[in-house]
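Q: Quick one: sequence and predicted model below, then my questions.
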Amino acid sequence: MKAVLAIAAREVSSRRFVVLAGSALGIVPLVLSWLTPWPGITPAEVRAGASLLIAGVLALAVPVMTGSSVFGSDLSERRIGFYFARPVPAFSIWAGKVGGGLVVVHAAVLASLLPAWLAGSLFRDFWMLLAILTAPGLLFLIANAVSTSVRSRSPWIAVDFTAGLITSGLLWLAFRRTVLQLSGAGNLGNTRVTTFFQIAAGTAFAVLVLALLAGSYLQTASGRVDLARAHRSHSIGFWGLVLTFSLFADVSTRWLVNASVDSLAAYWVRPGPSGTWVWVTGSLPGLRSFVPHTFLIEPESGRNLEIRPAVFPWSGASAISVGGDRAVWVKVDPLTKSRGLELVAVDLTSPDPLSGARRFPLSGFPTRLVLSRDGALAALQVDETIQVLESASGKIVGSFRSPFQKRSIHHIFFTDDGVLRLFGETQGHEPSAGLDVEILDFDLRSRSLVKRGVVHAPDAREVWLTLGPGETHVVLRARGLDRYEVSLHDGVTGSSLRSLARGEGRPPAVRFFSGDRLALLERGSGTLRILPLLGGTEQRITLREGRSFLTPGVEARPGALLCPWVKRREGSPVPEGVGTVEVDLATGNLRDLGGPGGLEGALPALQFHSDMVAPGSPATRLIQSRLGGLGLLTPDLRGEKRVCRGEEGVDTQKSSLTMND
Amino acid sequence: MKPGSNHQERGPNPIAIDGLLVRYGRRTVLSGIDLHVQKGSVTALLGRNGSGKTSLVRCLLGQQKPEAGTCRILGTDSWKDRTKALGRVAVVPEEPDAPPEMNALQLGRFSGRLCPGWDHGAFAARLRQFQLPSNTAFQKLSRGQKALLMLALALSSRPSVLILDDPSLGLDAVARQVLFEEVLGSLGEGGPTVFITTHDLDALETIADRVAVLTGGKLALSEEMESVKNRFRKLTYGLERPEDPADAGQELDGFDALSVKVRGWGVEAVVSNFTEERFSRLLALPHVVDAETHALSLRQVFIALAGEERKEDQQ
């Protein structure tokens, strides 16, 4: 320790003029602020600006100057032999010289800031202080490495260069791979992802500092007085650590982004209209909401495609054609110009859809994306512009500006005869006049926009529209100040056909079913009302008491609904149990599906999906455990095969799908 | 013989070099060097420029890793445990390498914190003795002053082994004399074992009691100075019946002749295995007349050996 301090003191003493110069320069901002009138700028701002400028210049110049001479010049001028001819351990020589050098560079920078800081003109920002304390130290060590390398003129310069290229490549690939994957599903703003990048950047910084320290130590301990050997030792120490870290980063990020459908904990499931193909977004167990993966899966056959990066779970990012032959999604690459927005289109009937994928640039992120029935056309809403393009060629076949505000469009879809139909909300002139939903058709042949009808919602402040099969009917749920009304309307003209329910509080949940029927769930009473669209007797089924039912459920086989429920203790927001009831519409019988009511009870994966999916299709038979396990029920709803494992290896077969009558 | 010689045969050798091999790339600088320096002796290592003396000293000080072989100081491998090996060693380097901005007093204080057994009093006394300015930065001292200051620094740590790597390089005659006198003064009972490399062969002759010569990357010689002087001799003789000059020197059959020169008056030869017996046989040859033997200085021995090396180089 005595030797370390002696050598460090000598390093500081031999460079004391640098620190003195820093102190002298630190007074300059004070003098400037006193002597010179600066129009529009307060003296404190002058002091702060000038002081930071001087400190910034010193923070660059002093470490480079000091770092390049701390070992390099001593080695090239053979002065380092003074220490190595004495019984001084290599560690003491290294620690003394590096420690002394670091003291000098930091003291010079801090000395230049001190007068302005004492005058109260500097931001007392932790991050700024941290940068001032760490950046010169890092530069000092880098300058030593570069200086040793350049002065040695040994063949190891080629090794440095090659290792630098390999490291840059590995780190860039790891970074790009991670950013792409983490940005998937709109996850980049996730605080855990931000924290991940902060930790990754912090680790990389720590490894860099550690590698520079290790390199400079080996340079001293093994290279001793031989400059070429010192360079070689530094390179071995530095690149040894840096390349190891880079390889670790490469391997770990490969692992991070690599997933199979089976290994996934699924947390978003979106079906195509035919229910044969399903978007499943989830994460590897233990990484929930952290690294999303999206698969386009065909549950019945087990075929799947991984969509990289993961796609956003809302309707603007992906679509499947009604026939289930084509799929499109939006790809975002945050590391490229204009975020690299692309529309990717695949033919799902192809044996390898991804290899034949077509990509078209997008001008903005669409808020809505729909496909025509055969998938040949895609319509996108970007801001208030709606474009129609061919999904095979990307050719724009029509474009128009929506008369509705961006967030006022309720539905866009292609009708059977190839017309693009819009349901958009307009507000009356008076706030009390309620809301109207206009129905407009865009004719692709004439490229004209035609108003087809309007759904009136007098007194409404909020409206929700649910489209029926074939778009012939639409259910309007309108909520005013204290009352709601649910009514059935014509899907083209918007004219009111009949009122379905009126009341106070939350309007009932609605879903269309096969056989031109409509289900309304009155959440308060737990009563399921089955209404024939074309008139007839209404059927009422009372679901189990003591349970809250969330939605009318999913038609998992024609004439049978899977209804999810939740059970809570009074006053507690935490569910005591969740599960699913199978409702036979013909008999009105109920059957519990799932375990004994534990937290892992299975729920229909499409429980909150409002658009109608083909009854009995695979998508309607997907059930999901709370921990992301995903299973596919057999058509008779009495057996199950696993699709996704879920968190912690939860066995959906045992815990969630025991059949209890 | 050097004054105050405390040559002792007993005890481990303070310096032991075994099988030393040093290469720079494909060039072999030192090969198969075995050199043991006895306690209390003054051993001189001679060699032409580039013969590997400095490489050997660096390996000895643990500053350079040999390709093969070991260097031990006071029984410790100097590469593997340099700090322990140099615990009682002082060095005067070829190029004075003290921190340039420090003056003599600062260097004394600094060295005191780096070297165990530092004697501040002895250092101050040597500064006075050498008339060295105590407040002048090292970089502003003359070459001779720097060398003397380095010697003062070395001796003030009271070393058991003193290694001098061409300490007189570039010094004027007066400075050289002062330096070697001081080395001589440090010797005596309990004084350090000295290992010195130098081109100042005249000065060496007064202090070295053992000499080693490096030629062609190998040790051509390593023995007592006395023995060297006994076996290296210059022989001169005339020939009664001058024959073909090409046959001159045939009479030296029993000698290991390093050089043979035929002059107008006869033959001049340097031999490395002179004995009275061989000389008597030369004298007894019928055509040899006026044969004389001449002692050689260390310089002449070295030149003769270096001449051999030059011949080998030329071949």
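A: Sure, I can see it. Numbers count the residues shown, from 1 in each chain, chains lettered A, B, ... in the order given.

Q: For the closest residue to chain B within the stretch 101-250 of chain A, which residues are in contact?
A: Nearest to chain B in the stretch 101-250 of chain A, going by C-beta to the nearest C-beta, is A:V225, at a distance of 4.5 Å. Glycine gets a C-beta too; all of them are placed from N, C-alpha and C. By C-beta atoms under 8 Å, 6 or more residues apart in numbering or on different chains, the contact set of A:V225 is A:L75, A:R78, A:I80, A:G81, A:F84, B:R58, B:Q63, B:Q64.

Q: Check A:S408 too.
A: Neighbours of A:S408 in contact, by C-beta under 8 Å, 6+ apart: A:G424, A:E425, A:T426.

Q: could you dump those to JSON lines with secondary structure?
A: Converted to JSON lines, these look like this (DSSP: H, G, I helix; E, B strand; the rest coil):
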{"residue": "A:G424", "secondary structure": "strand"}
{"residue": "A:E425", "secondary structure": "strand"}
{"residue": "A:T426", "secondary structure": "strand"}
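
Q: Most neighbours of all those, which one?
A: A:E425 (20 neighbours; other C-beta atoms under 10 Å in any protein chain shown).

Q: measure stretch A:467-475 end to end?
A: 7 Å (C-alpha to C-alpha, to the nearest Å).

Q: outside of it, which residues touch it?
A: A:411, A:413, A:415-416, A:421, A:423, A:455, A:465-466, A:486-492, A:494, A:497, A:500, A:510, A:512, A:516, A:518, A:533, A:611-612.

Q: Are any of the residues you listed buried, and if so which?
A: Buried members of those, counted by 16 or more other C-beta atoms under 10 Å in any protein chain shown: A:411, A:413, A:421, A:423, A:455, A:465-466, A:486-492, A:494, A:497, A:500, A:510, A:512, A:516, A:518, A:533, A:611-612.

Q: can you tell me which of the residues you listed are in strands?
A: With DSSP state E as the criterion, strands contain A:411, A:413, A:421, A:423, A:455, A:465-466, A:486-490, A:497, A:500, A:510, A:512, A:518 from among those.

Q: Which residues of chain A lie near chain B?
A: A:2-3, A:5-7, A:10, A:13-14, A:78-90, A:222, A:224-226, A:229 (C-beta under 8 Å from any C-beta of the partner chain).

Q: Taking those, please make a ChimeraX selection of just the buried ones.
A: What follows is the ChimeraX syntax selecting those of those that are buried according to 16+ other C-beta under 10 Å:
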select /A:3,6,7,10,14,79,80,81,82,83,84,85,86,87,88,89,90,222,224,225,226,229
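
Q: rewinding a little: output the contacts of A:S408 as CSV; include the columns distance to A:A605 and pLDDT.
A: Shown next, in CSV, are the contacts of A:S408 (distance: C-beta to C-beta, whole Å; pLDDT from 0 to 100):
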residue, distance to A:A605, pLDDT
A:G424, 30, 91
A:E425, 29, 89
A:T426, 35, 84
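
Q: So for stretch B:61-71, mean pLDDT?
A: Average pLDDT, stretch B:61-71: 94.

Q: First-to-last residue distance for it?
A: Stretch B:61-71 stretches 8 Å from its first residue to its last (C-alpha to C-alpha).

Q: Report the buried residues of stretch B:260-279.
A: Neighbour count says stretch B:260-279 has B:V260, B:V262, B:G266, B:V267, B:E268, B:A269, B:V270, B:V271, B:S272, B:F274, B:R278, B:F279 buried, by 16+ other C-beta under 10 Å.

Q: Count the neighbours of A:L637 for me.
A: Neighbour count for A:L637, taken as other C-beta under 10 Å: 19.

Q: With the one 3 residues further on instead?
A: Neighbouring residues of A:E640 were enumerated by other C-beta under 10 Å; the total is 21.

Q: What of A:S525?
A: By other C-beta under 10 Å, 13 other residues sit near A:S525.

Q: which element is the residue nearest in space to the middle of chain B on?
A: The centre of chain B sits closest to B:A44, judged by C-alpha atoms, centre = their mean, with a distance of 2.1 Å. B:A44 belongs to strand B:42-47 when assigned by DSSP states H and E.

Q: Take the residues of chain A next to chain B and keep only those in helices.
A: Counted as lying in helices by DSSP state H, out of the residues of chain A next to chain B, are A:2-3, A:5-7, A:10, A:13-14, A:81-84, A:90, A:229.

Q: Tell me which two in the residues you listed are the farthest apart.
A: A:S13 and A:R229 (28.6 Å; C-beta to C-beta).

Q: Now do the SS call for B:E181.
A: helix.

Q: How about the residues of chain B by chain A?
A: Residues of chain B that fall close to chain A, judged by C-beta under 8 Å from any C-beta: B:58, B:61-65, B:82-84, B:86-87, B:89, B:91, B:93, B:95, B:97-102, B:110-111, B:113-116.

Q: Quickly list the domain ranges of chain A.
A: Per automatic domain parsing, the structural domains of chain A span A:2-257, A:515-661.

Q: Tell me which of these approaches B:G170 most closely.
A: Nearest to B:G170, of all the domains of chain A, is domain A:2-257, at 14.9 Å by C-beta to C-beta.

Q: Distance across that closest one, terminal residue to terminal residue?
A: 51 Å.

Q: gap between it and the chain center?
A: Counting by C-alpha atoms, centre = their mean, to the nearest Å, domain A:2-257 is centred 33 Å from the centre of its parent chain.

Q: for whichever residue of the stretch 201-315 of chain B sits closest to chain A, what are its contacts?
A: Among all residues of the stretch 201-315 of chain B, B:G217 sits closest to chain A, at 18.8 Å; criterion: C-beta to the nearest C-beta. Counting by C-beta under 8 Å, 6+ apart, B:G217 touches B:T28, B:V29, B:L30, B:S31, B:S51, B:G52.

Q: give the contact list for the fifth one.
A: Yep, that's B:S51 we're talking about. By C-beta under 8 Å, 6+ apart, the contact list for B:S51 reads B:L214, B:T215, B:G217.

Q: Any idea what the first one is bridged to?
A: Just to be clear, that refers to B:L214. B:G47, B:L219 (DSSP bridges).

Q: Hmm, it is touching B:G50, no?
A: No - in this structure B:L214 lies outside contact range of B:G50 using C-beta atoms under 8 Å: 10.1 Å.

Q: the more surrounded of these two?
A: B:L214 (27 against 9).

Q: shaky segments in the stretch 51-200 of chain B?
A: Scanning the stretch 51-200 of chain B for pLDDT under 70 picks out the ranges B:188-189.

Q: hmm, try it at 50
A: Scanning the stretch 51-200 of chain B for pLDDT under 50 picks out no residues.

Q: Show the residue spans covered by the strands in it.
A: B:68-73, B:76-77, B:89-92, B:161-165, B:193-197 (DSSP state E, counting those that start in this stretch).

Q: now the ones in helices among the residues of chain A next to chain B in JSON lines, with pLDDT and distance to A:R447?
A: As requested, those are exported to JSON lines (pLDDT from 0 to 100; distance: C-beta to C-beta, whole Å):
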{"residue": "A:K2", "pLDDT": "86", "distance to A:R447": "88"}
{"residue": "A:A3", "pLDDT": "91", "distance to A:R447": "86"}
{"residue": "A:L5", "pLDDT": "94", "distance to A:R447": "84"}
{"residue": "A:A6", "pLDDT": "95", "distance to A:R447": "86"}
{"residue": "A:I7", "pLDDT": "95", "distance to A:R447": "82"}
{"residue": "A:R10", "pLDDT": "93", "distance to A:R447": "83"}
{"residue": "A:S13", "pLDDT": "92", "distance to A:R447": "83"}
{"residue": "A:S14", "pLDDT": "91", "distance to A:R447": "81"}
{"residue": "A:G81", "pLDDT": "91", "distance to A:R447": "86"}
{"residue": "A:F82", "pLDDT": "93", "distance to A:R447": "87"}
{"residue": "A:Y83", "pLDDT": "94", "distance to A:R447": "84"}
{"residue": "A:F84", "pLDDT": "93", "distance to A:R447": "85"}
{"residue": "A:A90", "pLDDT": "94", "distance to A:R447": "80"}
{"residue": "A:R229", "pLDDT": "91", "distance to A:R447": "77"}
